[in-house]
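Novice: Test case, fold it:
(chains A, B and C)
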Amino acid sequence: MRVNFTVNGRPQEADDVWEGESLLYVLRERLGLPGAKNACEQGECGSCTVRLDGVPVCSCLVAAGQVEGREVVTVEGLAEYARQRDAGCRSGSCGTSLDEAQRWAAHGTDSQTGEGTQLSPVQQAFIDAGAVQCGFCTPGLLVAADEMLERNPTPTDEDIREALSGNLCRCTGYETIMNAVRLAAARQSEAV
Amino acid sequence: MDFLRPGSWEEALAAKAEHPTAVPIAGGTDVMVEINFDHRRPEYLLDLNRIGDLYAWEVGEDSVRLGASVPYTKIMEHLRAELPGLALASHTVASPQIRNRGGVGGNLGTASPAGDAHPALLAAGAEVEAESVRGSRRIPIDDFYTGVKRNALAADELIRAVHIKKADGPQQFSKVGTRNAMVIAVCAFGLALHPSSRTVRTGIGSAAPTPVRARTAEEFLNAALEEGGFWDNGKIITPSVAKEFAQLCAAACNPIDDVRGTADYRRHAVGIMARRTLTWTWESYRGTAAHTEGVA
Amino acid sequence: MAGTNAPLGTPTKVTQGSQTKGGIGESTLRPDGTLKVTGEFAYSSDMWHEDMLWGQILRAPVAHAEIVSIDTSEALAQAGVYAVMTYDDLPTDVRHYGLEFPDTPVLAHGRVRHHGEPVAIVAADHPETARRAAAKIKVEYRELPVITDELTATAPNAPLIHEDRTDHYAGHVEHPNILHRQPIIRGDVEEARHRADFIVTGEYTFGMQDQAFLGPESGLAVPAEDGGVDLYIATQWLHADLRQIAPVLGLPEEKVRMTLSGVGGAFGGREDLSMQIHACLLALRTGKPVKIVYNRFESFFGHVHRHPAKLFYEHGATKDGKLTHLKARIVLDGGAYASTSAAVVGNAASLGAGPYVIDNVDIEALALYTNNPPCGAMRGFGAVQACFAYEAQMDKLADKVGMDRVEFRRLNAMEQGTIMPTGQPVDSPAPVAELLRRVKAMPLPPERQWESSEGADVRQLPGGLSNTTHGEGVVRGVGYAVGIKNVGFSEGFDDYSTARVRMEVVGGEPVVTVHTAMAEVGQGGVTVHAQIARTELGVTQVTIQPADTQVGSAGSTSASRQTYVTGGAVKNACELVRERVLEIGRRKFGTYHPAWATAELLLEGGKVVTDAGEVLADLADVLEDEAVEVEEEWRHRPTEPFDRHTGQGFGHVQYSFAAHRAVVEVDTELGLVKVIELACAQDVGKALNPLSVVGQIQGGTTQGLGMAVMEEILVDPKTAKVRNPSFTDYLIPTILDTPTMPVDVLELADAHAPYGLRGAGEAPTLSSTPAVLAAIRKATGLELNRTPVRPEHLTGT
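Specialist: Take a look at the predicted model:
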């Protein structure tokens, strides 16, 4: 079957989709967006978390055919999504301000370190706080954490834990992830 | 495999009538696991995501008509007052991501004894609105579960909504799992006080082939509360009454040993949860809720 | 981080570049961080190639059976299927592989020995096509009786898991179903037992733990025009894979080119091969790229697990609390194939006494061959099981003697100079008593944190969101444990790493490139290598090349060894590069300034400077168009095998120590546990990257927590089949199960190690589990001789 939907603001079409394929498979294997991860494919780890019409879901449990006409945001689009939200917050529109456009252009891209890549606050905080080790849980955690901070800009520790309780991490023991989300929340509140 | 995408409820019913083996998929939280792990290869998948009606709820005079696909997150957020037991149960379902997708219709359709909604529905009292091209009917929740992962739906029927009695008194839900989040029930217990009819209702999950009520325990407690004038005098429940109620709830179980727990533990835990939820609901009924209700 | 406190050890002299920004000792950020947070980092399961096929493995549905027949015709006939292969289709006579010796068939031959053993492989144009084809392969099995424990393994007429063993352990074991046995005998236990005022015994059971790394086994094999194959893979040791893969394919090693892809965690579970050979076989057979990705179900069958164990311990002590003796027997279940079981036995035996001074020791450790899932490496590697047992014993014995449990441990704690039961002196700092003191001195978390003005916050109570208690039945307990782990490969293994370091001038700036085959599995080795290069060569710009087999072996990312050994190799190669650079400088500029000949010269800030700080030359001017490149192997000091009968020998390179304090709250009626805090103190010698060190400690601690209260692969004793191969029923801790974990890091240098560092990754996994168990025992008063504890154990149901 054919599936048309929007990913990270861009219309996408996937052809010859087997009916049993998940949104996760289509993103990873057909659209070249492997950011959402395939750790369990049973809704028990959160590594495949994407936003479907704004709502965080496990993309492994969404049948490809179910996303027809809908909007998906993956970790690859998170920085831009956050930027537009941020711009929307400040100026009431979702366009790119001249200032922002200049800042964007001013950064180069270093393929080795990725320095200069535009990151959302929560992405930057994960790097700064040492919340990334193997990184396989990271994309799902970022999508979930970003959405929580959107809903709840000043979360308590228990709020953070509850919001991220669907995302398994095997490397960090979560402490640095807690630090990262606290850091992102703090930076976010300073910026307002 | 064919993927059917009905755009309306009528189209969905027609599709189900034409292909009775079609597997309905809404949140996908059960069906997609089975497909991903190659446990199931249905001939047809019947996507219900496009049917807006399934995502709506109406709060009526006595009951809430809850669309089959209303996600658990919405129940937690919007129906806490009307359906406190179900809201608590919803909060224990899997993970936030799953709660954003899954709804009560899926729990009922799968009819696993471990479904978190069942004890709350049994305790509150509910009817399942099932429909086919032949017509619509309401199946009392007590008659809905017919066996392990079997329910009373006919092959051509779909679940449209659940009509759940609005709470007329305190309700509680408690579930044992071996992890503090994202866990399938080892066993679960729901309790609802119904002061308007001076009755209590219970629901037990994962401790019998189907979700069940502890009817003997309910009858015992109904009689004990009546006899002691508890509904009127608002006294603390006598420990011996609570103990007997707990024992009868445990006795209502017919559990098995499996990877998640032993039969003996399940019986034991249901007894403990019965006693605790009775204390919490009764204290709440007596008006001291602030000290006993869990917050999260 | 707590500071160093001095006199126990002295750091090795850092002569170079200590001022360079981003050097060792700083918490520099990961070079792969940005790629990982943007989803662009390419893990092995993300690989994609035009025209690629998907591989699928057909696995045995039973644990022990004769294969009567295999019929692949129907599968081959299916549209979209490019190849189906069984044992008979293997291209050469080398049809087995194994980390230590090759006892594992690439595909089952006439018999399957464990549930999930690979029987046939399929390549097709879509994963679903491959799955359907695999399902059409008809395999007729004749089931055989299963061996599942020591009793069935060593029964008089027990079927042999491996007939005609020729491995080097076969000759000294009492029964062919015993893979390896290692005694450790020191002093006179019989005599000491008479002097003991108190004796405690215990039988302990340790369940089967899974590494549960999140990135599933996966990779892409691309056939090359020269008849070879390029393999993109997640592994812990590229060259060990290569050594096992190439002969099966019938290719020389240089025609099997391996590149490390992104690795989604490892923890020991990627030491053994999984889909590597299968993907290569299918790629070479079909002439097309083949990708294989396990799903989580298959992953549970696709790698070895941590050995479950039965442990029998007897300790004695005098009435003033001094340990008199230890007698122990440790039975590890190795499952159907050897993997690294023999080395696990060596560890269990040699570390089985724990970090204590015990002069009279009689330990026996052995591993069985059974029909259970194969077991091998997992973080902690044989030291974990023993720690669970000896720490339970320490609590029991302290209670008997009537001493505080921590003070009892401190009284008997080993220190630098202590002789191990193997006769090996501990020749670097061993601050066991100090770690215990520190962890005990940390402030305790306040009681009843779950109470709020609005009621009980269930998220902070046992049961969490499941709303099982609002405080009823909840009892707090505090427990302590300490452990000892070896660092690096032991028992005479030639444990080395190779590093290639290049310095050149690019755009007027000196740039260093570091190339090793080290598997970055998340631990942060790539960060540390860049830090070492900055420190040693005084440049800021360092590029880490992707790991592959175009450079010599870096050994395994395991045994807490990579910072030590590959870090050591990078340091060594940098030093050689520095010498060559200075040589060039002397040649070019030596006549201009006498300091070139007389002073100690350093590379700092892209310049050659004297130790007095005088700048002699820019590196850009020294090198000009010349590049200096060195590839060199580096070894830690040698070890020797343990004596087969007495276990005596200089077996280990280095020891690593951590201590934990666990604070738990137990719902004693429901048997549910909430760990409130898990504090750790650990000596790391030198923290090259403090942020990474703390991350390792917290991560390892959490895996130990999982082992204490939830993680166990359940194997049916009647059928040897795995009962819970999924993340629905094999539970690992969520963020709501994991407490705050204060960490106190000591840096007491080991003079034998680069920068004085001490391998850090594993020790925290040891003592975490027994500390949690001790806390639960304290809360419940129960004996609890097995881990993980389940609610039924805590409620007597």
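
Novice: Tell me which helix or strand residue C:528 sits in.
Specialist: helix C:525-537 (DSSP states H and E).

Novice: tell me the contacts of residue A:77?
Specialist: Contact analysis of residue A:77 by CB atoms under 8 Å, 6 or more residues apart in numbering or on different chains lists A:7-9. Where C-beta positions appear, they are placed from N, C-alpha and C, glycine not excepted.

Novice: How about residue C:57?
Specialist: C:118, C:120-122, C:134, C:275, C:278, C:292, C:298.

Novice: How about the closest residue to chain B within chain A: what's its closest non-neighbour residue?
Specialist: Nearest residue of chain A to chain B: residue A:166, at 2.4 Å (CB to the nearest CB). Ranked by CB to CB, 6 or more residues apart in numbering or on different chains and with sequence neighbours excluded, the top spatial neighbour of residue A:166 is residue B:95, at 2.4 Å.

Novice: Give me the mean pLDDT for the longest helix belonging to chain A.
Specialist: Identified as the longest helix of chain A according to DSSP state H is helix A:175-191. Mean pLDDT, helix A:175-191: 94.

Novice: Mind checking if that helix is in reach of chain C?
Specialist: Yes: judged by CB under 8 Å from any CB of the partner chain, helix A:175-191 comes into contact with chain C through A:175-178.

Novice: can you list those in TSV and add neighbour count?
Specialist: Below are these laid out as TSV (neighbours: other CB atoms under 10 Å in any protein chain shown):
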residue	neighbour count
A:175	25
A:176	24
A:177	28
A:178	20
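
Novice: by contact count, what packs against the helix holding residue C:528?
Specialist: strand C:496-506, strand C:509-515, strand C:542-544, helix C:562-589 (3 or more CB pairs under 8 Å, 6 or more residues apart in numbering or on different chains; DSSP states H and E).

Novice: Among the ones you listed, which comes closest to chain A?
Specialist: Across those, closest to chain A is strand C:542-544 (CB to the nearest CB), at 5.9 Å.

Novice: Tell me how far the closest one lies from the chain's centre.
Specialist: 26 Å (CA atoms, centre = their mean, to the nearest Å).

Novice: ok, that strand: who's next to it in the sheet?
Specialist: Strand C:542-544 sits in its sheet next to strand C:509-515 (parallel), going by DSSP bridges.

Novice: what residues does the partner strand touch?
Specialist: Looking at what lies outside strand C:509-515 - CB under 8 Å, 6+ apart - the contacts are C:499-505, C:529-530, C:533-534, C:537, C:539, C:541-545, C:550-551, C:570, C:574, C:577, C:606, C:619-620, C:623, C:631.

Novice: Which of the residues you listed are buried, as a PyMOL select command?
Specialist: Buried residues within the contacts of strand C:509-515, by 16 or more other CB atoms under 10 Å in any protein chain shown, are selected in PyMOL with:
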select buried, chain C and resi 499+500+501+502+503+504+505+529+530+533+534+537+539+541+542+543+544+545+551+570+574+577+606+619+620+623+631
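
Novice: what's the burial count for residue B:57?
Specialist: 19 (other CB atoms under 10 Å in any protein chain shown).

Novice: Okay, and the beta partners of it?
Specialist: Assigned bridge partners for residue B:57, using DSSP bridges, are residue B:66.

Novice: right, and it touches residue B:79 too?
Specialist: Yes: applying CB atoms under 8 Å as the test, residue B:57 and residue B:79 come out as touching, 6.9 Å apart.

Novice: anything in contact with each of the two?
Specialist: Joint contacts of residue B:57 and residue B:79 (CB under 8 Å, 6+ apart) are B:64, B:66.

Novice: Let me see the contact set for the closest residue to chain B within the stretch 301-450 of chain C.
Specialist: In the stretch 301-450 of chain C, the residue that lies nearest chain B is residue C:450 (9.5 Å; CB to the nearest CB). Contacts here follow CB under 8 Å, 6+ apart; on that basis residue C:450 touches C:456-461, C:471.

Novice: Take those residues and keep only those in strands.
Specialist: C:456-457 (DSSP state E).

Novice: of all the contacts of residue C:450, which comes closest to residue C:727?
Specialist: residue C:459 (21.3 Å; CB to CB).

Novice: Once you drop chain neighbours, what's closest to that closest one?
Specialist: residue A:158 (4.7 Å).

Novice: On the three-state scheme, the one you found is what?
Specialist: helix (DSSP: H, G, I helix; E, B strand; the rest coil).

Novice: In this structure it contacts residue C:461, no?
Specialist: No: contact status for residue A:158 versus residue C:461: not in contact, 11.0 Å apart, counting by CB under 8 Å.

Novice: Doesn't residue C:298 belong to a helix?
Specialist: Yes: the assignment for residue C:298 is a helix, going by three-state DSSP.

Novice: any idea how far residue C:541 is from it?
Specialist: Counting by CB to CB, to the nearest Å, the gap from residue C:298 to residue C:541 is 43 Å.

Novice: State the number of residues packed around residue B:103.
Specialist: Counted with other CB under 10 Å, residue B:103 comes out at 30.

Novice: Return the backbone torsion pair for it.
Specialist: phi -140, psi 180 (degrees, to the nearest 10).

Novice: ok, residue C:297 - contacts?
Specialist: Residue C:297 sits in contact with B:37, C:725-726, where contact means CB under 8 Å, 6+ apart.

Novice: Out of the residues you listed, who's the most crowded?
Specialist: So for the contacts of residue C:297 (other CB under 10 Å), the most neighbours sit at residue C:725, 23 neighbours.

Novice: How about the contacts made by that residue?
Specialist: C:116, C:296-297, C:300-301, C:713.

Novice: change it to 7 Å
Specialist: Neighbour list for residue C:725: C:297, C:300-301 [criterion: CB atoms under 7 Å, 6 or more residues apart in numbering or on different chains].
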